[in-house]
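Trainee: missing the sequence, but the structure's below:
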């Protein structure tokens, strides 16, 4: 089984977390709303996703 389609890395030296969606780097999140925006831009509807779903976000 493949991992979650969204991967949020541990914080880097500047506090930002690298975010990949389906293996593609989409940006650095400094706040939870940054992750939500990356999901929206990737076409993952906010209403159908939750940031605490381990099947979606690792």
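Mentor: Happy to help now that I have it. Keep in mind that this is a model prediction, so the values were computed, not measured.
Trainee: For this protein, which segments count as helices?
Mentor: Applying DSSP state H to the chain gives helices spanning 32-41.
Trainee: Extract the residue ranges of it that are flagged as low pLDDT.
Mentor: Applying pLDDT under 70 to the chain flags residues 1-2, 45-49.
Trainee: one more time with 90, if that's ok
Mentor: For the chain, residues meeting the criterion pLDDT under 90 lie at 1-6, 36, 39-40, 42-58.
Trainee: mind listing the strands in it by residue range?
Mentor: Here the chain has its strands, by DSSP state E, at 6-8, 17-21, 24-29.
Trainee: Kindly calculate the angle that the last one makes with helix 32-41.
Mentor: It stands for strand 24-29. Per axes from the mean of the first three to the mean of the last three Cα atoms, to 10 degrees, the angle that strand 24-29 makes with helix 32-41 is 150 degrees.
Trainee: The second one now?
Mentor: Here the directions of strand 17-21 and helix 32-41 differ by 20 degrees (the same axes, to 10 degrees).
Trainee: Now distance to residue 41 and mean neighbour count too, for the strands of the chain, in TSV please.
Mentor: In short, each C-beta sits where N, CA and C put it, glycine included. Shown next, in TSV, are the strands of the chain (distance: least, Cβ to Cβ, whole Å; neighbours: other Cβ atoms under 10 Å):
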stretch	distance to residue 41	mean neighbour count
strand 6-8	12	19
strand 17-21	9	19
strand 24-29	7	15
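Trainee: CSV for the ones you listed, including distance to residue 55?
Mentor: Formatted as CSV, the strands of the chain follow (distance: least, Cβ to Cβ, whole Å):
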stretch, distance to residue 55
strand 6-8, 10
strand 17-21, 14
strand 24-29, 19
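Trainee: Would you mind saying which of those lies nearest residue 53?
Mentor: strand 6-8 (9.2 Å; Cβ to Cβ).
Trainee: and the closest one, how far from the chain's centre?
Mentor: 4 Å (Cα atoms, centre = their mean, to the nearest Å).
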